[in-house]
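In: Sharing a sequence plus its predicted fold:
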Amino acid sequence: MSSNSASKGSFPPTLKLNDGNEIPVFGYGLGTANYKTTEGYDKTVVDLTKMAIDVGYRHLDGAEVYGNEEELGEAIKASGIPRDQLFVTTKAHGEKQKPTLEAFDLSLKKLGLDYVDLYLIHAPWFANSDEDLQAKWTDLEAIKASGRAKSIGVSNFLQEHLEAILKTAKIPPAINQIEYHPYLQHGDLVKFHKKNNIAIACYGPLVPLTRAKGGPVDAVWSELAKKYDVSESEIGLRWILDQGMVALSTSSNRGRLENYLARLPGFKLTDEEVARIAEVGKQKHFRAFWRKKFDEDDRR
Ligand SMILES: NC(=O)C1=CN([C@@H]2O[C@H](COP(=O)(O)OP(=O)(O)OC[C@H]3O[C@@H](n4cnc5c(N)ncnc54)[C@H](O)[C@@H]3O)[C@@H](O)[C@H]2O)C=CC1
Ligand SMILES: O=CCc1c[nH]c2ccccc12
């Protein structure tokens with residue numbers, strides 16, 4: 001995918017991964033606003049996803065655990081957008097202890113695709129030991145070698161989990177998808193990724209506005225939103241993009257999705273503003289997702 005074919009306009013650009021593939025730096029997530037809450041096929045999820053593709057989103061972030069791969073596949077098919085213009089991610093669940101290769105085959109079948117652009121291990125706690133994690137990574141390497149996942153990576157990995165798989169990996173992870181926002185900056189984890197040439201995709205970028213409202217970042221985002229004549233959400237997303245990371249967001253509101261694609265390319269935070277948000281964010285700590293799992297993971 002070239003950097004100007006990702007959407008109707010030239011936004012988002014792409015980031016080159018360590019395997020040479022390119023990922024659009026802004027993606028639409030199927031894991032929160034429109035994940036399925038009922039058993040069985042959910043037409044609403046198909047319609048919302050079709051709407052996002054119609055608005056111009058080309059990077060689609062799915063997962064086995066969201067239970068909506070079939071709906072994502074249906075939306076892709078109905079969109080009429082050529083496959084090579086889409087960037088599709090899915091993630092191995094693992095908790096049910098299904099062998100990874102079996103889980104991957106099933107995901108592809110549900111999606112109705114013959115390859116995904118990115119396949120991730122959804123979380124480190126789906127393995128019981130470092131050896132188990134290393135074995136799962138070997139499975140992903142085999143999937144990449146088969147050409148059915150263009151890139152492979154991980155999600156919710158801390159430094160020790162990355163170190164464990166790097167010890168035995170033939171192919172390093174291309175990306176780690178983590179919760180990242182001003183209230184969860186993970187100490188030196190970003191530096192570790194840079195040193196090892198592993199990209200970061202950030203989920204929950206708007207947590208300060210959604211699940212952790214009332215914190216010290218509110219005033220800064222609000223001030224900058226006025227300065228750039230954009231919304232606070234767009235300041236939060238730009239903060240991720242302006243640090244060279246991939247941002248994943250979502251909404252069931254078409255206007256909001258349209259505004260993101262229209263306004264995000266129109267401004268950039270200064271280095272001082274990026275640093276100021278980071279500094280102010282450090283005054284509060286908040287993890288929105290997987291809290292219990294992070295607490296239970298005795299290898300963290
Ligand atoms: N790998 C993992 O473990 C996880 C991955 N994800 C992925 O990341 C995607 C995005 O994650 P989110 O946390 O949903 O992203 P996010 O932090 O961007 O939040 C999106 C939500 O914020 C709402 N919002 C936007 N502006 C707002 C405002 N001004 N006031 C109040 N609400 C506002 C939107 O309507 C939407 O519901 C997911 O759909 C999923 O694909 C999410 C969680 C965990
Ligand atoms: O992937 C992130 C967290 C999440 C979002 N939706 C679901 C559904 C089921 C398990 C986890 C999640």
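Out: Structure received. Residues are numbered from 1 along each chain as shown. Ligands and ions are numbered 1, 2, ... in the order given.
In: any idea how far the residue of the chain found nearest ligand 1 lies from L224?
Out: Of all residues in the chain, G29 sits closest to ligand 1, at 2.2 Å by Cβ to the nearest ligand atom. Yep, even glycine has a C-beta here, placed from its N, CA and C like the rest. Using Cβ to Cβ, to the nearest Å, we find G29 at a distance of 24 Å from L224.
In: Those two: which has the busier surroundings?
Out: Legend: neighbour count by other Cβ atoms under 10 Å for G29 and L224, higher for G29 (26 against 22).
In: State the number of residues packed around L269.
Out: 19.
In: Quick check: closest non-adjacent residue to T138.
Out: Once flanking residues are discounted, T138 sits nearest to T168: 7.5 Å by Cβ to Cβ, 6 or more residues apart in numbering.
In: check contacts around the one you found.
Out: If you count contacts by Cβ atoms under 8 Å, 6 or more residues apart in numbering, T168 has them with 134, 137-138.
In: Can you report phi and psi for the residue of the chain closest to ligand 1?
Out: The phi/psi pair for G29 (degrees, to the nearest 10) reads phi -90, psi 140.
In: surely it meets A63?
Out: No - proximity of G29 to A63 does not meet the contact threshold set by Cβ atoms under 8 Å, at 9.2 Å.
In: Determine the next helix or strand in the C-terminal direction from the helix ranked longest in the chain.
Out: Assignment by DSSP state H gives helix 130-145 as the longest helix of the chain. Per DSSP states H and E, the first helix or strand lying C-terminal to helix 130-145 is strand 149-155.
In: tell me which parts of the stretch 1-150 of the chain are close to ligand 2?
Out: The stretch 1-150 of the chain comes close to ligand 2 at residues 31-32, 35, 63, 65-66, as judged by Cβ under 6 Å from any ligand atom.
In: In strands, which of these fall?
Out: Secondary structure from DSSP state E places none of those in strands.
In: one step back: nearest to ligand 2 among the contacts of T168?
Out: Out of the contacts of T168, the member with the shortest distance to ligand 2 (by Cβ to the nearest ligand atom) is W137, at 19.1 Å.
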